[in-house]
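*Asks:* Got a predicted structure plus its sequence, pasted below:
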Amino acid sequence: MVAMTPPDNLVVQKWRKSVWRDYQRDNLFSEFMGNGNTAVIHRINELKDEGEEITIPLFMVPQAGGVTGDQTLVGNEHDLKHYGWKVRIDWWRDAVLLNKKQMRRSVVDQMEEVRPALTQIAANRLRDDIIRAFHNVGQGDLGTTPDVANVNGVYYPKATVGQKNTWHDANKDRVVYGALRSNFVAGDHAASLANVDAVNDKFNAKALKMMKRMAKKASPHISPIQIEGGREYFGIFVGSNLFRDFSNDPDVIAANKDARARGVDSNPIFQDGDLILNGVWVREIPEMDDLATITGAGAAGINVAPAWLVGRQALGYAVGQLPKPTERKEDDYGFVIGRGIETCYGIGKTQFRNRELGETSPLKDWGCVTGFFASVDDA
């Protein structure tokens, strides 16, 4: 007995009109962005009407000064340390081109998918630019390649050995390599990284507390995000590998087990999301592993990755125009449809120069302590 078999051109084929999209993570820096002076990523709006760069005045309050008793004040006046930090902006645009022929052939409503996709692309680019700005070792103009065209300064992977060493020495009070301050080798960033090993130099509770102490002692001071009753709060951004090591640290596990609310819904032992310890919010930024890992730089060739402990105004985000949808005007008699997006902005790590040391003295990071720790992938 032979069953009737349809020819290939009569076999039923079906396609769903609704699409399944790959997961796109929200910009996890968003909660740290704002217009106020307490924001970690300070949004600068003065360039929305005109101009391509803006200078931000940075002032340090002196720790001591004045005279006592009947001493003469004339001749004992002093300057206030201050510096002008510049941030520049430029355009970024993207678009998708459609035509009636291909749209008619597609089972998917291509027009419906374009706008959300372009909006997500713009959001992803801003997130990545924030990472690149933190991973910056010197002040400079906007980058000259597409990946850093909206980032002010010297992006670490593009920096010379000399630029890395200059940044390393200038920021010795706010840079740490692994578990010990003594891992710092003066004048040699690469040698300092080589002191980071896979066993002793993981990111953990002790490292976090050390970085917070450094932020408090640094000069210029790193301003905390929030002060409540004399308690100072900071944030710290880490990639997934460092977040794994931190969450697996016995001291962190004990703190969450013994001092946090119990139950599946509220205890971080059971839930994903931020951790908090010693007044520091620990925020996992998975994309940091892709954009900021320093491959093979540690002891025995292990990978090293940064952790950025941040206070107020660690980055400046200057906005000329927020993302705006655009359309192609040249439409080939209505046959071609172009949908785009455009935005104008620039982002950079805020940096300060002590002019008492000279107008070309090295720059210090204004609102950030950088730690370099072992970043070993899962076996």
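*Replies:* In hand now; what should we look at? Numbering: from 1, shown residues only.

*Asks:* quick one: the strands in the stretch 101-250 of the chain?
*Replies:* 151-152, 175-177, 226-228, 231-238 (DSSP state E, counting those that start in this stretch).

*Asks:* what about the third one, distance to the chain center?
*Replies:* Yep, that's strand 226-228 we're talking about. 22 Å (Cα atoms, centre = their mean, to the nearest Å).

*Asks:* ok so, going back, dump the strands of the stretch 101-250 of the chain to CSV, plus distance to Leu47, mean pLDDT and mean neighbour count.
*Replies:* All C-beta spots, glycine's among them, are computed from the backbone N, C-alpha and C. Formatted as CSV, the strands of the stretch 101-250 of the chain follow (distance: least, Cβ to Cβ, whole Å; pLDDT from 0 to 100; neighbours: other Cβ atoms under 10 Å):
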stretch, distance to Leu47, mean pLDDT, mean neighbour count
strand 151-152, 13, 96, 28
strand 175-177, 31, 98, 24
strand 226-228, 28, 79, 11
strand 231-238, 26, 94, 22
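
*Asks:* Any idea which of those gets closest to His189?
*Replies:* If you check each of the strands of the stretch 101-250 of the chain against His189 by Cβ to Cβ, strand 175-177 wins as the nearest, at 8.8 Å.

*Asks:* Which secondary structure elements does the closest one sit against?
*Replies:* helix 205-217, strand 368-374 (3 or more Cβ pairs under 8 Å, 6 or more residues apart in numbering; DSSP states H and E).

*Asks:* Just the residues contacting the first one, thanks.
*Replies:* Defining contact as Cβ atoms under 8 Å, 6 or more residues apart in numbering, one finds that helix 205-217 is touched by 173-174, 176, 178-179, 181, 221-222, 224, 232, 234, 236, 246, 249, 251-252, 255, 277-280, 282, 307, 309, 311, 369, 371, 373.

*Asks:* So what sits opposite Asp94 in the bridge?
*Replies:* With DSSP bridges as the criterion, Asp94 is bridged to Ile341.

*Asks:* Ala207 versus Val176, what's the distance?
*Replies:* Remark: distance between Val176 and Ala207 (Cβ to Cβ, to the nearest Å) = 8 Å.

*Asks:* pretty sure Thr295 contacts Asn303?
*Replies:* Yes - between Thr295 and Asn303 a contact is recorded at 5.5 Å, counting by Cβ atoms under 8 Å.

*Asks:* For these two, indicate the residue with more neighbours.
*Replies:* Neighbour count, other Cβ atoms under 10 Å: between Thr295 and Asn303, Asn303 has more, with 18 against 12.

*Asks:* any idea of the pLDDT on the more buried one?
*Replies:* Looking at Asn303, its pLDDT reads 98.

*Asks:* ditto for Glu77
*Replies:* 74.

*Asks:* remind me which residues of this structure are low pLDDT?
*Replies:* Scanning the chain with the threshold set as pLDDT under 70 gives 62-64, 107, 259-272, 355-359.

*Asks:* Count the residues that sit near Gln102.
*Replies:* Neighbours of Gln102 (other Cβ under 10 Å): 10.

*Asks:* what sits against it?
*Replies:* Here Gln102 is in contact with Gln110 (criterion: Cβ under 8 Å, 6+ apart).

*Asks:* name the element Ala39 belongs to?
*Replies:* Ala39 is part of no helix or strand, with elements assigned from DSSP states H and E.

*Asks:* Wait, Asp331 touches Ile337, no?
*Replies:* Yes - under the criterion of Cβ under 8 Å, Asp331 makes contact with Ile337 at 6.7 Å.

*Asks:* So for those two, which sits in the more crowded spot?
*Replies:* For Asp331 versus Ile337, the count of surrounding residues by other Cβ under 10 Å is larger for Ile337: 18 against 12.

*Asks:* In space, what's closest to that one - neighbours in sequence excluded?
*Replies:* If you skip the residues right next to it in sequence, Ile337 has Leu98 as its closest partner in space, 4.5 Å away by Cβ to Cβ, 6 or more residues apart in numbering.

*Asks:* Go through the helix or strand hosting the one you found and flag the buried ones.
*Replies:* Per DSSP H and E, Leu98 falls inside strand 90-99. Buried residues in strand 90-99, defined by neighbour count with 16 or more other Cβ atoms under 10 Å: Asp90, Trp92, Asp94, Val96, Leu98.

*Asks:* ditto for stretch 241-252
*Replies:* Residues of stretch 241-252 classed as buried by neighbour count (16+ other Cβ under 10 Å): Asn241, Leu242, Phe243, Arg244, Asp245, Phe246, Ser247, Asp249, Val252.

*Asks:* now these as TSV including distance to Ile121?
*Replies:* Below are these laid out as TSV (distance: Cβ to Cβ, whole Å):
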residue	distance to Ile121
Asn241	26
Leu242	27
Phe243	26
Arg244	28
Asp245	32
Phe246	31
Ser247	31
Asp249	36
Val252	36
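
*Asks:* Sitting in helices, which of those do you find?
*Replies:* Asn241, Leu242, Phe243, Arg244, Asp245, Phe246, Ser247, Val252 (DSSP state H).
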